[in-house]
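Trainee: Need a 3D model of the following:
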Amino acid sequence: MTTSPLLMIPGPTPVAPDVLAALAEPVRSHTGPENAATMLRIQEGIRRLVGSAEARVHCFAGAGTLAMEAAIVNHAAPGDRVIVVSHGYFGDRFTEIGAALGMHTDVLRVEWGQRAGAGALRALLLRDDPPALVCMTHVDTSSGVLADCAEMAATVRAATPEAVIVLDGVCATGGIEETMDAWDVDVLLTGAQKALSVPPGLAILAVSARARSRRESLGDVHAYYADLRRWDASVDDPRKYFSTHAVSLLRALEVSLDGILAEGLPARFERHRRVAAMVRDGMGELGFSPLTNPAYAAPTLSVLALPDGADDAKLRAGMTERGVLIAPCLGPWAGRGIRIGHMGTVTESDAARTIDAAAAALGA
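Mentor: Numbering: from 1, shown residues only. Next comes the predicted model:
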């Protein structure tokens, strides 16, 4: 019997045994009472996780990219101005989606590893007609940059009060504090496979009253499955059918959310900070250095430059042989470094195993 490698990539992440056991339960009816109860509990759990008492929570089969597309297509029309704050590859994806949907996208793009500032955003907000949407990424999985969501959202709200603010929480939700109501964010989107510690396959959106009003004002949108209004009836009463729910994944998410809330959000967020520090300190002793500006580095992953003379592919292959899987860098950092995910269920012992595997691979 082979042993599965320890997933220290920035998603998918390790899945706890009780969540795996939930996936093995008998398949339920997608309109039956058991699945309906699960979906209502998920909605409440997500609201607690993202800090929003009144958000409408959508959770359907897909992934983070589908959630990004749904966030844009439901809250802006072709020809609308959309501002994107990009700290890397996944910020740029907002731009690509907006362009594919016929929006006019303006991008505030910063050097990889750095963080956009409020002054630059304010200037872009006031430069032309007010934007319909402002999209930003809480943690960009490519660069490891943690956005200052509170400051950036406050800047948007002061300059353009009616803009819908969309926050990509894919690499943050469940591992970093998010306070959607306090930040006055309108749409917070995420996926199941990172800090929520569920296998890939669920797109999740929490939507404010302001965003729902914008959706109503648009009428028909250029989407069918991603049209949130078509899902509304089954959000209110999950026994109602629009499209078949991913019932096993939903059950797994219910169990995972129970575990997250039982751990306690402050304790969970502190664990993520503690494990991140352990990874960075240990890898630093091996000669790795941060590619992300340390002042802006997220606690959910580390993006590290290779030691002198080390080869990216050989290092990762050597670590895989030792049972630990890490990820390469993307974009301008490809070949220069590695990405280590440490979110969800990842513990100090997982961090220690990762550091040991890196040390052995470098010495091989």
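Trainee: Go through the longest helix along the chain and flag the buried ones.
Mentor: Taking DSSP state H as the criterion, the chain has its longest helix at helix 265-285. For helix 265-285, the neighbour count (16 or more other CB atoms under 10 Å) marks 268-269, 271-272, 275-276, 278-280, 282-283 as buried. All C-beta spots, glycine's among them, are computed from the backbone N, C-alpha and C.
Trainee: cool, and stretch 213-228?
Mentor: Buried, per 16+ other CB under 10 Å, within stretch 213-228: 214-215, 221, 223, 226-228.
Trainee: Would you format these as JSON lines with secondary structure included?
Mentor: Shown next, in JSON lines, are the buried residues of stretch 213-228 (DSSP: H, G, I helix; E, B strand; the rest coil):
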{"residue": "Arg214", "secondary structure": "helix"}
{"residue": "Arg215", "secondary structure": "helix"}
{"residue": "Val221", "secondary structure": "coil"}
{"residue": "Ala223", "secondary structure": "coil"}
{"residue": "Ala226", "secondary structure": "coil"}
{"residue": "Asp227", "secondary structure": "coil"}
{"residue": "Leu228", "secondary structure": "helix"}
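Trainee: From those, pick the one nearest Val170.
Mentor: When those are ranked by distance to Val170 (CB to CB), Ala226 comes first, at 16.3 Å.
Trainee: Look up how far Asp106 lies from that closest one.
Mentor: Ala226 sits 23 Å away from Asp106, taking CB to CB, to the nearest Å as the criterion.
Trainee: so where's the stretch 51-200 of the chain shaky on pLDDT?
Mentor: Judged by pLDDT under 70, the stretch 51-200 of the chain has no weakly predicted residues.
Trainee: sec struct for Ile338, please.
Mentor: Criterion first, three-state DSSP; result for Ile338: strand.
Trainee: May I have the beta-bridge partners of it?
Mentor: Leu304, Pro328 (DSSP bridges).
Trainee: correct me, but it touches Ala317?
Mentor: No: Ile338 is not in contact with Ala317 according to CB atoms under 8 Å; the separation is 11.9 Å.
Trainee: between those two, which one's more packed in?
Mentor: A count of neighbours by other CB atoms under 10 Å puts Ile338 above the other of Ile338 and Ala317, at 25 against 13.
Trainee: Which pLDDT value belongs to the more buried one?
Mentor: pLDDT for Ile338: 98.
Trainee: ok, it to Val279 distance?
Mentor: 11 Å.
Trainee: Buried ones in the helix or strand harbouring Leu108, by neighbour count?
Mentor: Taking DSSP states H and E as the definition, one finds Leu108 inside strand 104-109. Residues 104-108 are the ones in strand 104-109 that count as buried (16+ other CB under 10 Å).
Trainee: The closest residue to Leu257 other than its chain neighbours: neighbour count?
Mentor: Spatial nearest neighbour of Leu257, chain neighbours left out: Gly45 (3.6 Å); criterion: CB to CB, 6 or more residues apart in numbering. Number of residues near Gly45 (other CB under 10 Å) recorded here: 19.
Trainee: again with Ala158
Mentor: Ala158: 11 neighbours (other CB under 10 Å).
Trainee: is it true that it lies in a helix?
Mentor: Yes: under three-state DSSP, Ala158 sits within a helix.
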